[in-house]
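Undergrad: Dropping the sequence and predicted coords here.
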Amino acid sequence: MKLSVAIASAIEALTANILRSFLTMLGIIIGVASVMIMMAMGAGAKAQIEAQISALGASTLTVRPGATRRGGVSQGAGASTPFNEDDLVAILDLPFVQAVDGQINSGVTAVSGQTNWSTQLIGTNPGYFEVQSLKAVEGRVFTEREARTGAAVAVLGQSVVKELFDGIDPLGQRFRVNSVPVTVIGVLQERGQSGYGQDRDDIVILPLSTARNRIIGAHPTTSKHVSRVEVMVADGYDMPTAQSDLEDFLRERRRIKPGASDNFRVFNIADFVRARSATQQTMGILLAFMAGVALFVGGVGVMNIMLVSVTERTREIGLRMALGARGTDIMAQFLTEALVLCGTGGLIGVGLGFVGAWIAAKTGDWSMSLSVQITLLSFGAAAAVGVFFGYFPARRAARLNPIDALRYE
Amino acid sequence: MTSNEYIIEARKLTKIYTMGDQQVHALRGVDLEIKHGDFVAIMGPSGSGKSTLMNLIGALDQPSGGELFIEGQPLSTMNPSDLADLRNRTLGFVFQQFNLLPRADALQNVKLPLRYARHDIGDADARARECLKMVDLEERMDHRPAQLSGGQQQRVAIARALANKPRIILADEPTGALDTKTSEDIMNLLVELNASGITIILVTHEAEVAAFARRQIHFRDGLIEKDERSAA
């Protein structure tokens, strides 16, 4: 029998009982739509995480002074000897290091004319822009020379520009950071929110020495200290190896005896984000499992209705056999019906999935990512359900004895 | 052993049904030969085994013992697919209750056996139309069974039986659901088909209907009681 004929007669059989067919399909529709939405959600979360990792720099290591123990009491992160600018120079000398930056941070008030704005000050060295892969979209970032001489130049994030210089060209403008006048030389590209919901465009970046000496105010014991060091590993170096080499180097430099615990910590940012995303993934797996259960229940509905249909049409099956239908013909007929049922349900489900994903993305705080792959996979799941749950009823029909089927009352 | 003289041959054919813990001997060792082109009526009271024999000849059921040959081929050697092909190509069925698909029109009903044909059938539409013409229903081919009279429905069923140019037509009480006048028309149609060379086997319990056949076989208690030929 030709496929087109088989599909046409399957549609005919299904439309004979349109309400029943639709109700059966409903299970598949809901199952496919939820599978699709869950997969879109999972893919969206994954894409978001990957975006975060690439924004943070997949090749970036963060170094912080770590907890020391004194008499068994943990002193908390940052309680041990901080890193300083000399450390930065030494780290930059390591073969696997592409760039390094050290930062000091402080909350400041930026004032321009009548406007003032509380923002975050980052004092750092020019390596920062390379490590963070940040570029100035207007003007430029500061140079090594400006950093060394403590020039009063500032690079601004977009949010600060918007607050202080709305509608006017910020380049060359002078404004005050905690009453210290500085000149805008550059504006950074927009970065959006961090993984923690922080506005990463709400920053003022000054050379390290400018920030420390003129704004935060250098204390004799804190001179040259940086609170956080970020290291960009050069291309072609393995991250875990680089991380352990850096740890070895710092242990030696900080004269930590073998066996003693480190008084600093090296984080791989990508690992950090991935660990945080593990919870999200577990949630995603759970949701996908529930969507799978919905589809399974839909499949059981299909099997149920196909069994009813086989029983109802036993005489028809007997007649078809008397007219020369082989077992395989009967099997093909009922499998086609199950497939048409699930295929149609799958198509509607995919449509509903699109709408559902769109609504979830619009109204909820979900990031959805739909792809051809997800669509095909969802539809394929419906077809697979059709074959899987249609097989048993179809086989039952095919195995009927012709005379018993023909005589069935 | 078989000879080409006979289109159907039964040897010591038995059929035992088990109903609960009881065994019913529907056929108790039937020997029978039917010639090519014959018109045979199988008669007998209900439970005599006539329908059982019909179902075995129709390859719809399997015998418990003995052998059945159709066109010299022993059915016991055939697998279910071969039997399906036999029903499709060699045999044509006509039922008491017509057994038409209610939601398909006459033409589609006649085309049904052509769908399952594994041999070259040419243009299925043309063939189905030709068969409807043979039963004088060409102008009703787009009617559904419910829109046709009983006699017309049975003629559609006969057209369906003819679709694959069968050598044998098996008619199980073909007039059982029809009035006398219509029954006569249907029987005359079968006589006509028989004249064209098709072997016809008819199950009936009505003597008037059986009179259309050239040979009457009477069954009683699973055995042939009487086997006679009509004069003329």
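TA: Received the coordinates, thanks. Residues are numbered from 1 along each chain as shown, chains lettered A, B, ... in the order given.
Undergrad: Can you classify the nearest residue to residue A:53 once chain neighbours are set aside as helix, strand or coil?
TA: Among residues not flanking residue A:53 along the chain, residue A:270 sits closest, at 4.7 Å (Cβ to Cβ, 6 or more residues apart in numbering or on different chains). Heads up, the C-betas are built off the backbone N, CA and C, glycines and all. Secondary structure for residue A:270, judged by DSSP: H, G, I helix; E, B strand; the rest coil, is helix.
Undergrad: Contact residues of chain B facing chain A?
TA: B:55, B:58-61, B:80-81, B:84-85, B:87-89, B:93, B:99, B:101, B:103, B:112-113, B:115-117, B:160, B:164 (Cβ under 8 Å from any Cβ of the partner chain).
Undergrad: From these, list the buried ones, please.
TA: Neighbour-count burial (16 or more other Cβ atoms under 10 Å in any protein chain shown) is assigned, among those, to B:55, B:58-61, B:80, B:84-85, B:87-89, B:93, B:99, B:101, B:112-113, B:115-117, B:160, B:164.
Undergrad: Check whether residue B:17 sits in a helix, strand or coil.
TA: Looking at residue B:17 with three-state DSSP, the answer is strand.
Undergrad: my guess is it meets residue B:27, correct?
TA: No - using Cβ atoms under 8 Å, residue B:17 is not in contact with residue B:27; the gap is 10.0 Å.
Undergrad: higher neighbour count, these two?
TA: Counted by other Cβ atoms under 10 Å in any protein chain shown, residue B:17 and residue B:27 do not tie: residue B:27 has more neighbours, with 26 against 12.
Undergrad: What distance do you get for the residue lying closest to residue A:277 once chain neighbours are set aside to chain B?
TA: Nearest non-adjacent residue to residue A:277, counting by Cβ to Cβ, 6+ apart: residue A:49, 4.5 Å away. According to Cβ to the nearest Cβ, to the nearest Å, residue A:49 and chain B sit 55 Å apart.
Undergrad: for residue A:49, helix, strand, or coil?
TA: Secondary structure assignment for residue A:49 (three-state DSSP): helix.
Undergrad: give the contact list for it.
TA: With contacts defined as Cβ atoms under 8 Å, 6 or more residues apart in numbering or on different chains, residue A:49 is in contact with A:273-274, A:277, A:280.
Undergrad: can you count the residues close to the residue nearest to residue A:53?
TA: Counted with other Cβ under 10 Å, the neighbours of residue A:270 add up to 20.
Undergrad: Would you confirm that it contacts residue A:61?
TA: No - using Cβ under 8 Å, residue A:270 is not in contact with residue A:61, being 9.7 Å away.
Undergrad: got a list of what residue 200 touches?
TA: You didn't pick a chain, so chain A it is. So residue A:200 contacts A:157, A:191-194 (Cβ under 8 Å, 6+ apart).
Undergrad: my bad, the chain I had in mind was chain B
TA: B:38-40, B:168-169, B:171, B:190, B:193-194, B:213.
Undergrad: export the helix or strand harbouring it as CSV, just CAs?
TA: Secondary structure from DSSP states H and E places residue B:200 in strand B:199-203. In CSV, the C-alpha atoms belonging to strand B:199-203 read as follows (Å, rounded to 0.1, in the frame of the first residue of the first chain):
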residue,chain,number,x,y,z
THR,B,199,-15.8,-21.4,-10.0
ILE,B,200,-18.5,-20.5,-7.5
ILE,B,201,-19.1,-22.1,-4.1
LEU,B,202,-22.2,-21.0,-2.3
VAL,B,203,-23.3,-21.8,1.2
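Undergrad: Test my guess that residue B:100 contacts residue B:110.
TA: No - using Cβ under 8 Å, residue B:100 is not in contact with residue B:110; the gap is 9.5 Å.
Undergrad: who's more crowded, the two?
TA: Ranked by neighbour count (other Cβ under 10 Å), residue B:100 and residue B:110 place residue B:110 first, with 30 against 24.
Undergrad: May I have the secondary structure class of the closest residue to that one other than its chain neighbours?
TA: Using Cβ to Cβ, 6+ apart and skipping the chain neighbours, the partner closest in space to residue B:110 is residue B:128 (4.1 Å). Look at residue B:128: counting by three-state DSSP, its state is helix.
Undergrad: Test my guess that residue B:128 contacts residue B:113.
TA: No - applying Cβ under 8 Å as the test, residue B:128 and residue B:113 come out as separate, 9.4 Å apart.
Undergrad: Quick check: pLDDT value at the residue most central in space within chain B.
TA: For chain B, residue B:170 is the residue whose C-alpha lies nearest the centre (Cα atoms, centre = their mean; 0.8 Å). pLDDT for residue B:170: 96.
Undergrad: Surely it touches residue B:54?
TA: Yes - Residue B:170 is within contact range of residue B:54, at 6.1 Å (criterion: Cβ under 8 Å).
Undergrad: what sits in contact with each of these two?
TA: Contact criterion Cβ under 8 Å, 6+ apart; residues shared by residue B:170 and residue B:54: residue B:201.
Undergrad: Can I take it that residue B:171 is in a strand?
TA: Yes - residue state for residue B:171 (three-state DSSP) corresponds to a strand.
Undergrad: hang on, the earlier thing: spit out the residues that contact residue B:100 and residue B:110 alike.
TA: Joint contacts of residue B:100 and residue B:110 (Cβ under 8 Å, 6+ apart) are B:156, B:160.
Undergrad: picking up where we left off before, residues in contact with both of residue A:270 and residue A:61, list them for me.
TA: Common neighbours of residue A:270 and residue A:61 (criterion: Cβ under 8 Å, 6+ apart): residue A:239.
Undergrad: just the helices in the chain please.
TA: You didn't pick a chain, so chain A it is. Assigned by DSSP state H, the helices in chain A fall at A:3-15, A:18-56, A:85-92, A:127-131, A:144-149, A:158-164, A:208-210, A:239-253, A:269-312, A:314-322, A:327-363, A:372-398, A:402-407.
Undergrad: Switch to chain B, please.
TA: Using DSSP H, helices in chain B cover B:50-57, B:80-89, B:106-115, B:124-134, B:150-162, B:180-195, B:207-210.
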